[in-house]
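Student: Structure for this input, please:
(chains A and B)
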Amino acid sequence: MSEPAYIQDIGGYEGKTVTVQGWVADKTDKGKLQFLRVRDGTGVIQATLFQKAVPPEAFDLAKHVAQESSVVVTGEVRKEPRAPGGYELSVSDMHAVQLARGEFPITPKEHGIEFLMQNRHLWLRSSRQHAILRIRATIIRAIRNWLDDNGFLLVDTPILTPAAVEGTTTLFETDFYGEPAFLTQSGQLYNEANAMAFGKVYCFGPTFRAEKSKTRRHLSEFWMVEPEWAFGTLDDYMNVAEQMVSYVVQTVLQERATELKALERDTTFLEKIVPPFPRISYDEAVEIIRARGDANFKWGDDFGAPDETLISEQFDRPVFVHHYPTDMKAFYMAPDPIRPAVCLSADLLAPEGYGEVIGGGQRSDNLEYLEAQLLKHNLPRAPYEWYLDLRKYGSVPHCGFGLGVERTVAWICKLDHVRETIAFPRMLEKIMQ
RNA sequence: UCCGCGAUAGCUCAAUCGGCAGAGCAUGCGGCUGUUAACCGCAGGGUUCAAGGUUCAAGUCCUUGUCGCGGAGCCA
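Tutor: Here you go, the predicted structure:
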């Protein structure tokens, strides 16, 4: 038996005979000549079988093998400009591991989204999904690398939580030994405890929101990275976030050019993603909306999707919108000391209409203010007692933010919908595979 | 939760005014030594989402329901 090889390394085997183990992605029958496109998860290579060059059983197999049958193909690696990828396998022998039973649902032709989502477990085998999920993996690795290299310690926060962080209507409830427990909406409050212990920390994990949101930017289960650090201010947060996001985008440009090209992503937009990012206040954002969109937009209202698009369209880079009205944001956001009606928060809006990819800001370090905020938001004190402790024992200014992985992937890949950015999306009231 | 659109062959879709259920792709068989969205020929393939109603006649019109898609609100 010849040397086993992965398709991604095939260029290093030119002139040698190798064995590729994979699946039949596609084929062309030319009579006495068969072309198979074989996929092994690392890539696709064209395997060419001439009738007189292979055993009769192998040729018969190639002629009749159905799409997505698993096969082992042995042949000589040849440089071949006519083949996709530039290399081709001149097959000397081939056998099947398992012949696909019946027709593979996902053909090289077009399909509707409903059908594709029903067959998500099989759709993952297609080249477009490969490109997206490889870029996702690179984005996650780049985020981790940047944080690890910049002094942030990974301290993961719990997924099962006893109480709501920001209200209860959007929580998934579970039965925890007979007591209600909720799937986490954010690691934020725990992050603050960790930041007071370790200085600079981050958590990275799944997050759950039972929101009745049925849009192209919402998932019920999504991944979020949340850095949090002591002695950090609103400006520090924006500096860190723009460095991290720029690093992520540049890493994808360097390492995933093939995948971006497969997605037909215009990378000129991505190449511009370098610090500094423009920063505007909520007040200024309202002016933009009033001037170019809704003239009657009320100060204190949250931005809708069209408003966010309008704002982000004014810039060629992601834009921070800071100093939101205090009443609009979570109870723990620090109010501006000079103008308490606004708080030291900022969201990062991605370009090209992708909306909010980061939310964050400076947290209040004041015990009395937080006690008052709990009352104002009708939150019970007992579950937050430990959180208030953080303001009793060496409270310091601190800040942090949360970046939504799926929205970031959708933006960088320029996808219509976040459902393709994760292998098995969990969407509103829908859980299939 | 609200608004809009849709459901016909395995898939993507067509079917005029209410009048014989169609195409392309996929599949099967045959042909072809450079295909790569191949090409050429032949063949098979239908509870028109469900239930009810109007009609001589319903894929088409009406009612209800189910599911899907798009958008809004809310959020990352």
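Student: And the strands in the stretch 1-150 of chain A?
Tutor: Under the criterion DSSP state E, counting those that start in this stretch, strands of the stretch 1-150 of chain A are mapped to A:3-4, A:17-29, A:33-39, A:44-50, A:70-79, A:87-98.
Student: Return the residues of the stretch 101-250 of chain A in contact with RNA strand B.
Tutor: By the rule CB under 7 Å from any atom of the strand, the part of the stretch 101-250 of chain A lying against RNA strand B is A:103, A:105, A:107-115, A:117, A:170, A:186, A:209, A:211-220, A:222, A:224. The C-beta positions use only the backbone N, C-alpha and C, and glycine is treated the same way.
Student: Give the PyMOL command for selecting the buried subset of those residues.
Tutor: With 16 or more other CB atoms under 10 Å as the criterion, this PyMOL line picks the buried residues out of those:
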select buried, chain A and resi 117+170+186+209+217+218+219+220+222+224
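Student: what about the residue nearest to residue A:239 when sequence neighbours are not counted, distance to RNA strand B?
Tutor: Leaving out its chain neighbours, the residue that sits closest to residue A:239 by CB to CB, 6 or more residues apart in numbering is residue A:275, at 7.9 Å. Note on residue A:275: its distance to RNA strand B, by CB to the nearest atom of the strand, to the nearest Å, is 19 Å.
Student: For residue A:275, grab the count of nearby residues.
Tutor: If you count neighbours by other CB atoms under 10 Å, residue A:275 ends up with 14.
Student: do the same with residue A:420
Tutor: 23.
Student: likewise residue A:369?
Tutor: 16.
Student: Am I right that it is in a helix?
Tutor: Yes - assessed with DSSP: H, G, I helix; E, B strand; the rest coil, residue A:369 lies in a helix.
Student: residues touching it, list them.
Tutor: Applying CB atoms under 8 Å, 6 or more residues apart in numbering to residue A:369 gives the contacts residue A:335.
Student: ok, back up a step: mark which of the residues of the stretch 101-250 of chain A next to RNA strand B are part of helices, please.
Tutor: Secondary structure defined by DSSP state H assigns A:113-115, A:117 of these to helices.
Student: Reformat those residues as a markdown table; add distance to residue A:200 and pLDDT.
Tutor: What follows is those, written out as a markdown table (distance: CB to CB, whole Å; pLDDT from 0 to 100):
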| residue | distance to residue A:200 | pLDDT |
| --- | --- | --- |
| A:113 | 41 | 89 |
| A:114 | 45 | 88 |
| A:115 | 46 | 90 |
| A:117 | 40 | 90 |
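Student: Pipe those residues into CSV and attach distance to residue A:7 per row.
Tutor: Formatted as CSV, these follow (distance: CB to CB, whole Å):
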residue, distance to residue A:7
A:113, 29
A:114, 32
A:115, 28
A:117, 28
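Student: any idea of the pLDDT on the residue sitting furthest away from the middle of chain A?
Tutor: Residue farthest from the centre of chain A, counting by CA atoms, centre = their mean, is residue A:52 at 48.9 Å. Each residue has a pLDDT score; the one for residue A:52 is 91.
Student: Also residue A:108?
Tutor: 78.
Student: if I read this right, it contacts residue A:28, doesn't it?
Tutor: No - with contacts counted by CB atoms under 8 Å, residue A:108 stays clear of residue A:28, the gap being 11.0 Å.
Student: Now the stretch 301-433 of chain A against RNA strand B: closest residue?
Tutor: In the stretch 301-433 of chain A, the residue that lies nearest RNA strand B is residue A:304 (2.3 Å; CB to the nearest atom of the strand).
Student: gap between that residue and residue A:294?
Tutor: As judged by CB to CB, to the nearest Å, residue A:304 and residue A:294 stand 9 Å apart.
Student: Residue A:187 now?
Tutor: Distance from residue A:187 to residue A:294, counting by CB to CB: 35 Å.
Student: Pull the contacting residues for the closest residue in space to residue A:322 that isn't next to it in sequence.
Tutor: Ranked by CB to CB, 6+ apart and with sequence neighbours excluded, the top spatial neighbour of residue A:322 is residue A:346, at 3.8 Å. The contact partners of residue A:346, by CB under 8 Å, 6+ apart, come to A:234, A:237-238, A:279, A:320-324, A:360-361.
Student: Residue A:392 too?
Tutor: With CB under 8 Å, 6+ apart, residue A:392 has these contacts: residue A:367.
Student: quick one: secondary structure of it?
Tutor: Under three-state DSSP, residue A:392 falls in the coil class.
Student: A helix includes the residue nearest to residue A:322, no?
Tutor: No - per three-state DSSP, residue A:346 lies outside any helix segment and is strand.
Student: give me the beta-bridge partners of it?
Tutor: residue A:322, residue A:360 (DSSP bridges).
Student: Tell me where chain A has helices.
Tutor: Assigned by DSSP H, the helices in chain A fall at A:56-64, A:113-118, A:120-123, A:127-149, A:188-198, A:234-255, A:257-262, A:268-271, A:282-292, A:305-312, A:367-376, A:385-389, A:405-413.
Student: looking at those helices, which is buried most?
Tutor: helix A:405-413 (a mean of 25; mean count of other CB atoms under 10 Å).
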